[in-house]
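Asks: next input, structure requested:
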Amino acid sequence: MTSKWAAGAMSLTVAYFAYHAFAGEQGLGQWTDKQTELAEKKQVLAALEAKNAALQKDIARLTPGQIDPDLVEYLARRDLGFVYPSELVLVDRAVKHAEMHN
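Replies: Okay, the predicted model is just below:
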């Protein structure tokens, strides 16, 4: 009689730990979710590192004594809207209207 109770208790104990090994808070399911999240975070990190490297390159090109005039012109046109007096500027009202409402 005691062996049946011991076997039942052992079975319940094994079932308990098996459940928590797969579906528990730190089980296999959570582990796979964390691995997916880690892969996504690594992709974000790689993108940020690439952007950082590009910005570092631009900083080096704007360092006094090594200024790249083409980059300065590009930045002035892109960020400040500068144009030469002889240039013709065309404004697309649909694009401007969409930018104003975003």
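Asks: how about residue 65, secondary structure?
Replies: Put simply, residue 65 is coil when judged by DSSP: H, G, I helix; E, B strand; the rest coil.
Asks: and the helix or strand harbouring residue 12, average pLDDT?
Replies: Per DSSP states H and E, residue 12 falls inside helix 2-23. Taken as a whole, helix 2-23 has a mean pLDDT of 78.
Asks: any idea how many residues pack against residue 41?
Replies: Neighbours of residue 41 under the rule other C-beta atoms under 10 Å: 10. To be clear about C-beta, it is placed using only N, CA and C from the backbone, and glycine gets the same treatment.
Asks: so what does whichever helix or strand residue 44 is part of touch, helix or strand wise?
Replies: In the assignment (DSSP H and E), residue 44 maps to helix 28-61. Using 3 or more C-beta pairs under 8 Å, 6 or more residues apart in numbering; DSSP states H and E, the elements in contact with helix 28-61 are helix 2-23.
Asks: can you give me how far the helix it packs on is from the chain middle?
Replies: Taking C-alpha atoms, centre = their mean, to the nearest Å, one finds the center of helix 2-23 at 43 Å from the center of the full chain.
Asks: what does stretch 59-77 give?
Replies: 28 Å.
Asks: what comes into contact with that stretch?
Replies: With contacts defined as C-beta atoms under 8 Å, 6 or more residues apart in numbering, stretch 59-77 is touched by 58, 82-83.
Asks: so where's this structure uncertain?
Replies: Filtered on pLDDT under 70, the chain yields the residue ranges 1-2, 96-102.
Asks: next, name the residue at the spatial heart of it.
Replies: In the chain, the centroid-proximal residue (C-alpha atoms, centre = their mean) is residue 44; its distance is 2.7 Å.
Asks: circling back to that earlier point, angle of the helix holding residue 44 against helix 2-23?
Replies: Between helix 28-61 and helix 2-23, the angle comes out at 20 degrees (axes from the mean of the first three to the mean of the last three C-alpha atoms, to 10 degrees).
Asks: between the next helix or strand after helix 28-61 and helix 28-61, how many degrees?
Replies: Moving toward the C-terminus from helix 28-61, the next helix or strand (DSSP H and E) is helix 69-80. Computed by the same axes, to 10 degrees, the angle separating helix 69-80 from helix 28-61 equals 120 degrees.
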